[in-house]
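K.L.:
Provide a 3D model corresponding to the input given below.
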Amino acid sequence: MTDDLLLTLDALAPDVHDIQGVVRLIRAVTPLIHAVRIPEAALPWGRYLVRAAPGGTWNLQMDVFSEGYVGGIHAHRTWGAFWVLRGSLWSESYALVEDRPRLAAGRRHPSRRDTPCH
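P.N.:
Numbers count the residues shown, from 1 in each chain. Below is the predicted model:
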């Protein structure tokens, strides 16, 4: 990770208390995220904590999914933004309807330039 990215997160993330703060953070870090270079060699599947704020108010995590990975329906109970640095990722949004998950929005196939926020 670049020092500029981590310094920007350290400066802006503690002040994200509303949607405007989320937008400011995403606009500030997106160009820095896209500057991160991922090696061409296959990365081992896993979840890697890159940075955690003191007090646990936010974290930056890198997820590496194996080709063909399919995850189950789950809830994060918070907001999050993600960027696809290599390859592609399908994401579907669900809502609870009568205590059952129902597809809430169509499939999304983010390109490297998209920044989905959930």
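K.L.:
helix, strand or coil for Ala11?
P.N.:
Here Ala11 is recorded as helix under DSSP: H, G, I helix; E, B strand; the rest coil.
K.L.:
longest helix in the chain, by residue count?
P.N.:
Ordering each helix of the chain by length in residues (DSSP state H) puts helix 19-34 first.
K.L.:
which residues sit against the helix or strand following it?
P.N.:
Using DSSP states H and E, the helix or strand that directly follows helix 19-34 along the chain is strand 46-52. Under the contact criterion Cβ atoms under 8 Å, 6 or more residues apart in numbering, strand 46-52 has outside partners Met1, Leu6, Leu9, Asp10, Trp58, Asn59, Leu60, Gln61, Met62, Asp63, Val64. Where C-beta positions appear, they are placed from N, C-alpha and C, glycine not excepted.
K.L.:
returning to that earlier point: tell me the buried residues in the longest helix of the chain?
P.N.:
For helix 19-34, burial by neighbour count (16 or more other Cβ atoms under 10 Å) applies to Leu25, Ile26, Val29, Leu32, Ile33.
K.L.:
in the chain, what spans have low per-residue confidence?
P.N.:
The model of the chain has pLDDT under 70 over residues 1, 105-118.
K.L.:
most centrally placed residue in it?
P.N.:
In the chain, the C-alpha nearest the mean C-alpha coordinate belongs to Phe82, at 2.2 Å (Cα atoms, centre = their mean).
K.L.:
related to what we said a few turns ago, mind putting the contacts of strand 46-52 into a markdown table with secondary structure, neighbour count and distance to Ser91?
P.N.:
Converted to a markdown table, those look like this (DSSP: H, G, I helix; E, B strand; the rest coil; neighbours: other Cβ atoms under 10 Å; distance: Cβ to Cβ, whole Å):
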| residue | secondary structure | neighbour count | distance to Ser91 |
| --- | --- | --- | --- |
| Met1 | coil | 14 | 23 |
| Leu6 | helix | 15 | 26 |
| Leu9 | helix | 21 | 22 |
| Asp10 | helix | 13 | 28 |
| Trp58 | coil | 17 | 21 |
| Asn59 | strand | 13 | 20 |
| Leu60 | strand | 17 | 19 |
| Gln61 | strand | 12 | 16 |
| Met62 | strand | 14 | 17 |
| Asp63 | strand | 12 | 12 |
| Val64 | strand | 16 | 16 |
